[in-house]
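[1] the sequence isn't on hand, but the structure is:
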């Protein structure tokens, strides 16, 4: 597999004077890349997004194996879904045969909280009183 990394070396001009051009404007040209990514959304059966789900991606060790039953999988990476159930995985190479496994909490109801988190540890100094 050829994994392309575009590397750019930038020499920052040395100057003691503050000028009106403290910003360096640059254009970067990437090489053509044939790799792919997966942008997906995980949803519960009712269609609602599944936040905080873990999406694991595996490559088949032997491409001729049945992807439904084989345990010959090579882990490639993972992603965690955002509040909208979306994730991004990659890079993937043309011709790869992959398997995704999605782990989620059944019946998860996600409601952001503005409440402060209280510690489960007792304070070291006994002068502090516990807030209720």
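    Thanks, I have it. Quick caveat: nothing in here was measured; it's all calculated off a predicted structure. Residues are numbered from 1 along each chain as shown.
[2] where do the strands sit along the protein?
    Taking DSSP state E as the test, the strands found in the chain are 36-41, 54-60, 73-80, 86-92, 98-103.
[3] give me the angle between the longest one and strand 54-60.
    Counting by axes from the mean of the first three to the mean of the last three C-alpha atoms, to 10 degrees, strand 73-80 points 160 degrees away from the direction of strand 54-60.
[4] returning to what we had before: would you mind giving the strands of the chain as a markdown table with mean neighbour count, mean pLDDT and distance to residue 26 added?
    No exception for glycine: its C-beta is placed from N, CA and C like everyone else's. Formatted as a markdown table, the entries for the strands of the chain read as follows, by neighbours: other C-beta atoms under 10 Å; pLDDT from 0 to 100; distance: least, C-beta to C-beta, whole Å:
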| stretch | mean neighbour count | mean pLDDT | distance to residue 26 |
| --- | --- | --- | --- |
| strand 36-41 | 12 | 91 | 25 |
| strand 54-60 | 18 | 92 | 33 |
| strand 73-80 | 14 | 92 | 30 |
| strand 86-92 | 16 | 90 | 24 |
| strand 98-103 | 14 | 92 | 35 |
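[5] so where's the chain uncertain?
    For the chain, the stretches with pLDDT under 70 are 1-5, 15-21, 106-132.
[6] centroid-nearest residue for it?
    Taking C-alpha atoms, centre = their mean, the centroid of the chain lies closest to residue 79, which sits 4.1 Å from it.
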